[in-house]
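*Asks:* Curious how this folds, go ahead:
(chains A and B, ligands or ions: 2)
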Amino acid sequence: MTGHLPLESVDRGDAVIELRDVVKEYPGSPPVRALDGVSMRIDRGQLVAMVGPSGSGKSTMLNVMGALDRPSSGQVLVEGRDIATLGDAALSAVRGRAIGFVFQHFHLIDGQRALDNVADGLLYRGIGLAERRERAAVALDQVGLGHRGGHRPGALSGGERQRVAIARAIVGSPSIVLADEPTGNLDTATGQAVLALLEELNDQGSTIVVITHDLAISKRLPRCISLRDGAIVGDRMPESAGVGVGS
Amino acid sequence: MRFADVVRTGTLGIRGRPGRATLTALGIAIGIGAMVAVVGISASSRADLLADLDRLGTGLLKVSAGQTVFGKDSKLPTSAPGMIRRVGPVQAAGSTTGVDASVRRSDRMPESETGGISVLASEPQLRDVLDARMAHGRFLDAAVGRFPVVVLGSVAAERLGISSIEGSPAVWLGNRWFTVIGILEPIELAPDIDRSALIGYDEAESVFGTSRSASSIWVRAEETRASAVRSVLARTANPESPDQVTVSRPSDALAAKATADTALTSLMLGLGAVALVVGGIGVANVMVISVLERRSEIGLRRALGATRSHIRAQFVVEAAALASLGGVAGVALGAVVTAAYAAHQGWRVAVPASALAAGIAGALLLGAVAGLYPAARAARLAPADAVRPS
Ligand SMILES: Nc1ncnc2c1ncn2[C@@H]1O[C@H](COP(=O)(O)OP(=O)(O)OP(=O)(O)O)[C@@H](O)[C@H]1O
Ligand SMILES: [Mg+2]
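*Replies:* Ligands and ions are numbered 1, 2, ... in the order given. Now for the predicted structure:
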């Protein structure tokens, strides 16, 4: 299923996430097939845009990739491990260690200051409070908010909140950052700044997948996966003229 | 996840909504407060009774002539006081005999208005036996035996309207004036003496023809041997018919009061328990709402690596912390109520430490139980559903 990948990136050891013939069906009458046999892989160091019309299955795919959800059938491999074999505790550990999530609505906890929101990225990993805060301060510096750590999320602008959320996603140095419309709640200029931040993090080595509705953004990114009706209909590879077509 | 983090995370919701937390904890506080106050007040009252008992001693015994087999009031033999004084551990004994006369403020008052005061002939020793203090004047002694003088118990003096012996007040006793030479302080173990007017045996015999044989003999025994003395008193007082003699220990009534749990105490404890259960349901209710409101927080935590147990623990701890808050406030409330009530009654404050500890521990436990169901709901949320914008 991965034969369409350019040879130079076919290094199986470098796949962070791999989906093999993944189907996700939501129960109901009639049942909704949100993912319809998707196969693809994300390699270490990539910056990937994911686009598609509303309801095409982007969020579903991101949740499945991030082990927030299990597929109805098919395989999801995170760092080579099939998540179907993992129980709740092990699956949660995969999310906590390997994945950093960024959401459209930030999902910051209002009752605590920005620094502690970022430190929460390490909360479930058995690290002491002092070290969590130390590393959170570094991550806040990385997103350019080192001086705002003491403020509550309510005192920050939308763009700043999203940068705090990004700091929380990267504080644990995950294998991959999954962002579901991180610019969806921001104006164009602020969205551009957030994207620039993601590009910068990618330059420093982070692997990132971004769902976006913004064509300007998707064009800018080196790789772009297009979804429609739960299937990959386009996969523009970096430095590659050809457009691979998924199953 | 470390314990400190579990607590920190579990109390985040409370710190974020202090107003709601206060109102929720109030129900628990009232329940715990009521129970602690009930326990504290009854413990204080018991401590006070025991302190009284300690002060008054348990060495006082009362020998009373009972009734004959024919139902007539019997008298103790005239030899009885002497015989009793000869018993080893008996320190003192003093007899009294009812006098068939009434006492009034003046001869112009109708004879029927006795005010419930009885007239007793009394031996001078009675004062020592009862350890009675004089509020005014002096007690009967050998020197006054043949004069028309009277000593009044505290209640008797009050009812007769005599508050001091200034100007030698007199009362109309039987058919003549008796001069009041002394007024007794209240005697806690002998309330019947409080309501009596005491005159000498000589005077009682010569004026009213009162018999020399005692109707009651008060006995002061060594405290440690009071029980032994008690068991021989009936036979000593009336060797011929000991079954017609009643021997009592006035301090027993006090001791019985100290150990009795009144029905009111149980009722109040029950009401406190009801308030507590209602408070617990309140906590559960608020926690269910909190779980609904914080769906996206739960989703976020799952995305950050929280397991189902982490989420469950967070909400159980939150409920327990909420209830403990109420528990601490309730214990403080109960202690304050106890202190105020005890101060009002003139008791010493005795709130058992175990009641305080139990109050807080009980609230904690109740909260944890109340949090189980909401926590289970929170843990059951599918992570993908929880992060989806609603
Ligand atoms: N929990 C669910 N139960 C039932 N159907 C669902 C559920 N979640 C998503 N769906 C359906 O699955 C399909 C894909 O949804 P998904 O959220 O992945 O789309 P999306 O590409 O992220 O859309 P958008 O751009 O609007 O966010 C949609 O038809 C949606 O209605
Ligand atoms: Mg979506």
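*Asks:* what's the closest non-adjacent residue to the residue in the stretch 251-390 of chain B positioned nearest to chain A?
*Replies:* Scanning the stretch 251-390 of chain B for proximity to chain A using CB to the nearest CB identifies residue B:305 as nearest, at 1.8 Å. No exception for glycine: its C-beta is placed from N, CA and C like everyone else's. In this structure, residue B:305 finds its nearest non-sequential neighbour in residue A:96, 1.8 Å apart by CB to CB, 6 or more residues apart in numbering or on different chains.
*Asks:* What separation do you get for that neighbour and residue B:20?
*Replies:* Distance, residue A:96 to residue B:20, by CB to CB, to the nearest Å: 30 Å.
*Asks:* And for residue A:153?
*Replies:* In this structure, residue A:153 and residue B:20 are 20 Å apart, going by CB to CB.
*Asks:* between these two, who's got more neighbours?
*Replies:* Taking neighbours as other CB atoms under 10 Å in any protein chain shown, residue A:153 and residue B:20 compare with residue A:153 leading, 19 against 15.
*Asks:* Please give the centre-to-centre distance between stretch B:253-265 and its chain.
*Replies:* Between the centre of stretch B:253-265 and the centre of its chain there are 7 Å (CA atoms, centre = their mean, to the nearest Å).
*Asks:* For residue B:283, give its distance to residue B:357.
*Replies:* Between residue B:283 and residue B:357 the distance, using CB to CB, works out to 20 Å.
*Asks:* List the beta-bridge partners for the residue nearest the centre of chain A.
*Replies:* Centroid-nearest residue in chain A, with CA atoms, centre = their mean: residue A:178, separated by 0.4 Å. Listed by DSSP bridges, the beta-bridge partners for residue A:178 are residue A:101, residue A:209.
*Asks:* backbone phi and psi for the residue of chain A found nearest chain B, please?
*Replies:* When CB to the nearest CB is the measure, chain A has its nearest residue to chain B at residue A:96, with 1.8 Å between them. The main-chain torsion angles of residue A:96 are listed as degrees, to the nearest 10 and equal phi -70, psi -30.
*Asks:* coming back round to it: show me what contacts the residue nearest to residue B:305?
*Replies:* Residues in contact with residue A:96, defined by CB atoms under 8 Å, 6 or more residues apart in numbering or on different chains, are A:124, A:125, A:172, B:304, B:305, B:306.
*Asks:* Leaving out the residues flanking it, which one is nearest to whichever residue of the stretch 201-350 of chain B sits closest to ligand 1?
*Replies:* With CB to the nearest ligand atom, the shortest gap between the stretch 201-350 of chain B and ligand 1 falls at residue B:299, namely 12.4 Å. Once its chain neighbours are removed from consideration, residue B:299 has its nearest residue in residue B:386; the separation is 2.9 Å (CB to CB, 6+ apart).
*Asks:* Please identify the helix or strand for the one you found.
*Replies:* Residue B:386 is located in helix B:383-387, with elements delineated by DSSP states H and E.
*Asks:* residues of that helix that come out buried?
*Replies:* Neighbour counts using 16 or more other CB atoms under 10 Å in any protein chain shown place B:383, B:384, B:386, B:387 of helix B:383-387 among the buried residues.
*Asks:* CA atoms only: put that helix into PDB for me.
*Replies:* Extracted C-alpha coordinates of helix B:383-387, given in PDB (Å, rounded to 0.1, in the frame of the first residue of the first chain):
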ATOM      1  CA  PRO B 383     -11.600  10.500  24.600                       C
ATOM      2  CA  ALA B 384     -12.400  11.300  20.900                       C
ATOM      3  CA  ASP B 385     -15.900  12.300  21.900                       C
ATOM      4  CA  ALA B 386     -14.700  14.400  24.800                       C
ATOM      5  CA  VAL B 387     -12.300  16.500  22.700                       C
END
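*Asks:* Let me see the mean pLDDT of that helix.
*Replies:* Computed over helix B:383-387, the mean pLDDT rounds to 92.
*Asks:* Just the residues contacting it, thanks.
*Replies:* Outside helix B:383-387, the residues that reach it (CB under 8 Å, 6+ apart) are A:63, A:68-69, A:95, A:101, A:103, A:107, B:295-296, B:298-300, B:302-303.
*Asks:* So if I had to pick from residue B:283 and residue B:357, which one is more boxed in?
*Replies:* Neighbour totals were compared for residue B:283 and residue B:357, and residue B:283 leads with 27 against 11 (other CB under 10 Å).
*Asks:* pretty sure that one is touching residue B:369, no?
*Replies:* No. With contact defined as CB atoms under 8 Å, residue B:283 does not count as touching residue B:369 (9.3 Å).
*Asks:* what are the ranges of the helices in the stretch 51-200 of chain B?
*Replies:* Secondary structure of the stretch 51-200 of chain B (DSSP state H, counting those that start in this stretch): helices at B:80-85, B:126-130, B:154-160, B:191-194.
*Asks:* what does chain A give?
*Replies:* With DSSP state H as the criterion, chain A has helices at A:58-65, A:88-98, A:114-119, A:129-142, A:158-170, A:188-203, A:215-220.
*Asks:* Including mean pLDDT, could these go into TSV?
*Replies:* Formatted as TSV, the helices of chain A follow (pLDDT from 0 to 100):
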stretch	mean pLDDT
helix A:58-65	95
helix A:88-98	94
helix A:114-119	96
helix A:129-142	95
helix A:158-170	94
helix A:188-203	90
helix A:215-220	87
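*Asks:* Now for residue 115, how many residues are close by?
*Replies:* Using chain A here. 22.
*Asks:* To clarify, I was referring to chain B.
*Replies:* Burial of residue B:115 is recorded as 16 neighbouring residues (other CB under 10 Å).
*Asks:* Give me the nearest residue to it, chain neighbours excluded.
*Replies:* Residue nearest to residue B:115 in three dimensions, not counting chain neighbours: residue B:159, with 4.1 Å by CB to CB, 6+ apart.
*Asks:* Residue B:323 too?
*Replies:* Nearest non-adjacent residue to residue B:323, counting by CB to CB, 6+ apart: residue B:367, 2.5 Å away.
*Asks:* Just list the residues touching that neighbour, thanks.
*Replies:* Contact partners of residue B:367, counting by CB under 8 Å, 6+ apart, are B:28, B:280, B:283, B:319, B:320, B:321, B:322, B:323, B:324, B:326.
*Asks:* Tell me which entries of these lie within helices.
*Replies:* B:28, B:280, B:283, B:319, B:320, B:321, B:322, B:323, B:324, B:326.
*Asks:* And chain B, what are its domain boundaries?
*Replies:* B:3-53+B:255-387, B:58-250 (automatic domain parsing).
*Asks:* Just the residues contacting stretch B:81-95, thanks.
*Replies:* B:59, B:63, B:76, B:80, B:122-130, B:214-222, B:225-226, B:228-229, B:232-233, B:236-237.
*Asks:* Sorry, slip of the keys, the one I care about is stretch B:282-289.
*Replies:* Counting by CB under 8 Å, 6+ apart, the neighbours of stretch B:282-289 from elsewhere in the structure are B:20, B:24, B:27-28, B:315, B:318-319, B:322-323, B:366-367, B:370-371, B:373-375, B:377.
*Asks:* Any of those residues buried? List them.
*Replies:* Looks like the contacts of stretch B:282-289 have B:24, B:27-28, B:315, B:318-319, B:322-323, B:366-367, B:370-371, B:374-375, B:377 buried, using 16+ other CB under 10 Å.
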